[in-house]
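1. prediction below, plus the sequence it came from.
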Amino acid sequence: MIEVRNAAERGMADHGWLQSAHTFSFAGYHDPRQMGFGPLRVINEDRVQPGKGFGTHGHRDMEIVTYVLEGALEHKDSLGSGSVLRYGDVQRMSAGSGIMHSEFNHSREEPVHFLQIWIVPDVDGIPPEYEEKNFDAGCKRGVLRLVASSDGREGSVRVHQDASVYASILDAGQSVTHPMSPARGAFVQVARGEVAVNGTKLTAGDGAKISGESSLVFDQAKDAEFLLFDMG
């Protein structure tokens, strides 16, 4: 079964310096029908204006994954980590017993565009952790590239949950297939372009909740970039 989460139906927030689209309930947006999917709790598509950002704030017991689409995102945290994330960078922050961090647009001229994802961990109170890796366009083109997993396999970042996150870029005429256990759930988030999953067409900003499927076929692509979450 595939249930489309249409881009236009997401919760929208415009703070001037920040435009954010919430796939699931977040902050001032609440929809009891959209409280997440399995352990996936938040997908926010954020655009932050030059020089602006989120001041120092805290998190606990959440796996926070950031996927940068355009621009440069500057990160600092209470672990002493500090970096500037650009396209292809995937950041994983395990908030665990508590972490403070800030995120700002590193550029004074260009906006930054990214997806921030929250996954509920399968263990609470762990020491906080930070990790980042780069997955360039070439390694994602025409394939499903594992970017996050429970065991860090294939060079992915590690999340504390039975969840595998794949990124893919598909051009016209390309397709990929992902075998699924019908007992597992999946979620697809389209970042750019258009793609169909098992014949259901999705465009930029759309998501899809998937259950009871034995395989997922992605095709009918038009300059598509998307994330696939395979979750227990």
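-> Received, thanks. Residues are numbered from 1 along each chain as shown.
2. got the domain ranges for this structure?
-> 11-137, 139-231 (automatic domain parsing).
3. for this protein, longest strand please?
-> Using DSSP state E to define each element, the chain has its longest strand at strand 215-231.
4. and that one, what does it pack against?
-> Strand 215-231 is packed against strand 163-170, strand 176-179, strand 185-197, with contacts defined by 3 or more C-beta pairs under 8 Å, 6 or more residues apart in numbering; DSSP states H and E. For glycine as for every other residue, the C-beta is placed from the backbone atoms N, C-alpha and C.
5. for the most centrally placed residue in the chain, give me phi and psi.
-> The centroid of the chain falls nearest to I117 when counting by C-alpha atoms, centre = their mean (4.4 Å). In terms of degrees, to the nearest 10, the main-chain angles of I117 are phi -120, psi 130.
6. for I2, which of the domains of the chain is the nearest?
-> Proximity to I2 (C-beta to C-beta) singles out domain 139-231 among the domains of the chain, at 4.9 Å.
7. distance between the closest one and the chain's centre?
-> 11 Å (C-alpha atoms, centre = their mean, to the nearest Å).
8. count of neighbours near G11?
-> Neighbours of G11 under the rule other C-beta atoms under 10 Å: 18.
9. that one bridge partners, please.
-> Counting by DSSP bridges, G11 forms beta bridges with H22.
10. the helices in the protein, which residues?
-> 137-140 (DSSP state H).
11. how about the nearest residue to L170 once chain neighbours are set aside, what does it touch?
-> Leaving out its chain neighbours, the residue that sits closest to L170 by C-beta to C-beta, 6 or more residues apart in numbering is A221, at 3.6 Å. Shown in contact with A221 (C-beta atoms under 8 Å, 6 or more residues apart in numbering): L170, D171, A172, G173, Q174, S175, G193, E194, V195, A196.
12. just to revisit the earlier point, same list (the helices and strands packed on strand 215-231) but as JSON lines, adding mean pLDDT and distance to Q19.
-> Formatted as JSON lines, the helices and strands packed on strand 215-231 follow (pLDDT from 0 to 100; distance: least, C-beta to C-beta, whole Å):
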{"stretch": "strand 163-170", "mean pLDDT": "98", "distance to Q19": "23"}
{"stretch": "strand 176-179", "mean pLDDT": "98", "distance to Q19": "31"}
{"stretch": "strand 185-197", "mean pLDDT": "98", "distance to Q19": "15"}
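13. highest average neighbour count across those?
-> Compared across the helices and strands packed on strand 215-231, strand 163-170 shows the largest average neighbour count, a mean of 24 (mean count of other C-beta atoms under 10 Å).
14. what's that one packed up against?
-> helix 137-140, strand 145-149, strand 176-179, strand 215-231.
15. looking at these, spot the one closest to M62.
-> Judging those by C-beta to C-beta, what sits closest to M62 is strand 145-149, at 13.8 Å.
16. circling back: relative to V157, which of the helices and strands packed on strand 163-170 is closest?
-> strand 145-149 (4.9 Å).
17. parallel or antiparallel, list what pairs with the closest one.
-> Counting by DSSP bridges, strand 145-149 is paired with strand 157-158 (parallel), strand 163-170 (antiparallel).
18. residues in contact with the shortest one?
-> So the one you mean is strand 157-158. 65, 90-92, 131-133, 147-152.
19. want to throw those into TSV with pLDDT, distance to C139 and neighbour count?
-> TSV is the format used below for these (pLDDT from 0 to 100; distance: C-beta to C-beta, whole Å; neighbours: other C-beta atoms under 10 Å):
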residue	pLDDT	distance to C139	neighbour count
V65	98	17	25
V90	98	12	23
Q91	97	17	22
R92	98	17	24
E131	97	18	17
E132	97	15	16
K133	98	11	15
V147	98	9	26
A148	98	14	26
S149	98	15	20
S150	98	20	15
D151	98	19	9
G152	98	16	15
